[in-house]
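*Asks:* Just a sequence and a predicted model for now, questions to come.
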Amino acid sequence: MNRPFAESCEQNRAPILAVLRDWLGPEVRSLLEVGSGTGQHAVYFAPEFPHLTWQPSDRAENLPGIQAWLDYRPSPNLLAPIALDVVRDPWPSGPFDAVFSANTAHILHEPEVAAMFDGVGQVLRPGGIFLLYGPFHIDGRPTAPSNARFDQWLRAQDPGMGVRDVAWLQELGQRAGLALAQTVDMPADNKILCWTREPPVAD
């Protein structure tokens, strides 16, 4: 089949990789990618981290396209994609050392974003890492005019979509046992939100 292609993946992959290098050290042995989309990120990033196993995932209808990229650029540490609708499908058992997701929070509806955070909290080991890339609002305000326009465009396509506010995501993270450890500014008015899985509270 023809491989799906997103120009944005080609444009953002190098800056994202630079941040991943800071977080995915040798102690990170397993990573789940939520919302692998076309599969372009997976085939680009996985070979850069041969010490870990990269597990792509997405809704079932997107798996053939992801697999087409894996067939085109195979990597020994890149697993076959699995079906993961964050609300309807069972999450893989894990535990994973890291979870990565790019450009998902503004596409998913709010209940799905909440389900994603809950799922990440379930599959990450204590001390594990969740890296979430995309555009975000801060304190209810767009961080740039381009993000305001993008938010309006998204909501015109589907009222359930929209650029999410970091404060709301922090609430979801706290409920899921995730603490926001770092916010990294990225090109094109995007950010990477870096979360860590807090250890369980002792009784």
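*Replies:* It's in. Nothing here was measured: the structure is a model prediction, and the numbers come from that model.

*Asks:* going forward, measure contacts and count neighbours with C-alpha atoms only.
*Replies:* Will do.

*Asks:* can you confirm G119 is in a strand?
*Replies:* No - under DSSP: H, G, I helix; E, B strand; the rest coil, G119 sits outside any strand and is assigned helix.

*Asks:* Can you give me the distance of it to R125?
*Replies:* 12 Å (C-alpha to C-alpha, to the nearest Å).

*Asks:* In the chain, what residue spans correspond to strands?
*Replies:* Ranges of strands within the chain are 30-33, 53-58, 82-83, 96-102, 124-134, 136-138, 141-142, 164-165, 178-186, 190-197, based on DSSP state E.

*Asks:* Any chance of these in JSON lines with mean pLDDT and distance to A114 as columns?
*Replies:* Below are the strands of the chain laid out as JSON lines (pLDDT from 0 to 100; distance: least, C-alpha to C-alpha, whole Å):
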{"stretch": "strand 30-33", "mean pLDDT": "98", "distance to A114": "17"}
{"stretch": "strand 53-58", "mean pLDDT": "98", "distance to A114": "16"}
{"stretch": "strand 82-83", "mean pLDDT": "98", "distance to A114": "18"}
{"stretch": "strand 96-102", "mean pLDDT": "98", "distance to A114": "14"}
{"stretch": "strand 124-134", "mean pLDDT": "97", "distance to A114": "13"}
{"stretch": "strand 136-138", "mean pLDDT": "97", "distance to A114": "15"}
{"stretch": "strand 141-142", "mean pLDDT": "94", "distance to A114": "20"}
{"stretch": "strand 164-165", "mean pLDDT": "98", "distance to A114": "11"}
{"stretch": "strand 178-186", "mean pLDDT": "97", "distance to A114": "12"}
{"stretch": "strand 190-197", "mean pLDDT": "97", "distance to A114": "15"}
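
*Asks:* All good on my end, thank you.
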